[in-house]
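J.: sequence and predicted structure, then a few things I'm wondering about:
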Amino acid sequence: MALQRLFAIALLLACAALAAMAWPYQAAFSYEPVGPRAFPLLMLGLMAAALLYLSIHPTAIAHSDEEPPLDRATLGKIAACVALLLVFAGTFESLGFVLASMLAGIPMARLYGGRWLPGAVIISLLSIGLYLLFDRAMDVPLPLGLLAFLEN
């Protein structure tokens, strides 16, 4: 429990440093009524409150038989997930949201036991649906990348 407290206090200090960096931020333009710094400060505040609680009242970590062991296979899956998320972040601008989501999502579905065809169909529909939801319904522009020719 001491390690848990130490980790919570270290993250709490990181939250304070990030909040100090975000506080003076002023954007040249604002498309939100509260400005661009409200969301990061709100998230950091919520995270700091949870970390403060965790540093005061750490929870006992009890492992059950239902949890998978942290063996070589599990660590390999975690590493593959991190690599796929880095691929997504690296290709987001150049390939666009839809293709980058497919490129990262289909192997991710396969990594966790999905079959190729249903995984590809569902990830493709989900990528297109999320693009339409954000770009059209919520007016949050997402890059099309290689599919920019489809734009009106």
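T.: Alright, I've got the coordinates. Numbering: from 1, shown residues only.
J.: so residue 61, which of the three states?
T.: coil (DSSP: H, G, I helix; E, B strand; the rest coil).
J.: let me know how buried the nearest residue in space to residue 110 that is not next to it in sequence is, in neighbour terms.
T.: Leaving aside its chain neighbours, residue 110 sits nearest to residue 119 (5.9 Å; criterion: CB to CB, 6 or more residues apart in numbering). The C-beta positions use only the backbone N, C-alpha and C, and glycine is treated the same way. By other CB atoms under 10 Å, the residues close to residue 119 number 19.
J.: what's stretch 65-80 in contact with?
T.: Residues outside stretch 65-80 that contact it (CB atoms under 8 Å, 6 or more residues apart in numbering) are 107, 111-112.
J.: residue 87: which of these is nearest?
T.: Residue 87 lies nearest to residue 107 out of those, by CB to CB, at 8.7 Å.
J.: list the buried residues in the host helix or strand of the closest one.
T.: Using DSSP states H and E, residue 107 sits within helix 97-111. Residues of helix 97-111 classed as buried by neighbour count (16 or more other CB atoms under 10 Å): 97-109.
J.: got the CA coordinates for stretch 95-104 in PDB?
T.: Extracted C-alpha coordinates of stretch 95-104, given in PDB (Å, rounded to 0.1, in the frame of the first residue of the first chain):
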ATOM      1  CA  LEU A  95      -4.200   8.400 -43.600                       C
ATOM      2  CA  GLY A  96      -7.100  10.200 -42.000                       C
ATOM      3  CA  PHE A  97      -9.400   9.100 -39.100                       C
ATOM      4  CA  VAL A  98     -11.200   6.400 -41.000                       C
ATOM      5  CA  LEU A  99      -8.200   4.500 -42.400                       C
ATOM      6  CA  ALA A 100      -6.100   5.000 -39.300                       C
ATOM      7  CA  SER A 101      -8.900   3.600 -37.200                       C
ATOM      8  CA  MET A 102      -9.200   0.600 -39.500                       C
ATOM      9  CA  LEU A 103      -5.500   0.100 -39.500                       C
ATOM     10  CA  ALA A 104      -5.300   0.000 -35.700                       C
END
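J.: and that stretch, what's its mean pLDDT?
T.: Across stretch 95-104, pLDDT averages out at 93.
J.: check which helix or strand covers the closest residue to residue 112 other than its chain neighbours.
T.: Distances taken as CB to CB, 6+ apart put residue 77 closest to residue 112, at 7.6 Å, once the chain neighbours are dropped. Using DSSP H and E, residue 77 sits in helix 72-95.
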